[in-house]
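Colleague: Starting from these lines, generate the structure:
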Amino acid sequence: MKKIVRIAKLQFPGGEARPGPNLASIGVNIKDFCNQFNQGTQDRQGEIVPVVVEVYNDKTFSMTFKTTPTSILIKKFANVTKGASHVRKDVCGTLTEEQITEIAKIKLPDLNTQDLENAKKIVIGTMKQMGCKVQTKEEVKEEVKEEVKEEKKEESNN
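Modeller: Below is the predicted model of the structure:
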């Protein structure tokens, strides 16, 4: 029976693990790790892929891939590059309830709940910490009404 001597949590872009100090410090064969990681994440190119590495006493290892971090998914769905500088004052972006549900569905396997509503609350909590706002259905309806008004004004002016 192999004994686990270390558990490391790392993040790399999908299919792009490279040798470096963070790999050297966990005590595994770096080339083997990079090959296994890159093969296992080829379908996730361009995504940040968290991985949990269990290192055994004989220097072998196993890895478990996780879903993309919630903050990165929020930035992707909100089309922003970073969170707000002043979370309480600034809004860096907005997400609709449907987008929040989609993120929650993606993250569900890695969260400590199996309930989608609780997963959505976790996503919303991360959004608040980043300075992102939830766009309610009423706000979406108001935006659509405003767009229709603008289109009618443009048509009447032409």
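Colleague: Where does the prediction get shaky in the protein?
Modeller: Residues of the chain that meet the criterion pLDDT under 70 lie in 137-144, 158.
Colleague: What are the boundaries of the strands in this protein?
Modeller: Applying DSSP state E to the chain gives strands spanning 4-13, 48-56, 61-65, 93-96, 132-135.
Colleague: Include distance to residue 77 and mean neighbour count when you put those strands into TSV, please.
Modeller: Where you see a C-beta, it was placed from the backbone N, CA and C, and this is true even at glycine. Conversion of the strands of the chain to TSV gives the following (distance: least, Cβ to Cβ, whole Å; neighbours: other Cβ atoms under 10 Å):
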stretch	distance to residue 77	mean neighbour count
strand 4-13	19	14
strand 48-56	15	17
strand 61-65	21	15
strand 93-96	6	19
strand 132-135	9	19
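Colleague: Just put those strands in a markdown table and tack on distance to residue 22.
Modeller: Formatted as a markdown table, the strands of the chain follow (distance: least, Cβ to Cβ, whole Å):
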| stretch | distance to residue 22 |
| --- | --- |
| strand 4-13 | 6 |
| strand 48-56 | 10 |
| strand 61-65 | 14 |
| strand 93-96 | 30 |
| strand 132-135 | 29 |
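Colleague: these two touch, right, residue 50 and residue 69?
Modeller: Yes: with contact defined as Cβ atoms under 8 Å, residue 50 reaches residue 69; the gap is 6.5 Å.
Colleague: joint contacts of the two?
Modeller: residue 11 (Cβ atoms under 8 Å, 6 or more residues apart in numbering).
Colleague: rewinding a little: which one of the strands of the chain lies nearest to residue 27?
Modeller: Among the strands of the chain, the nearest to residue 27 by Cβ to Cβ is strand 48-56 (5.7 Å).
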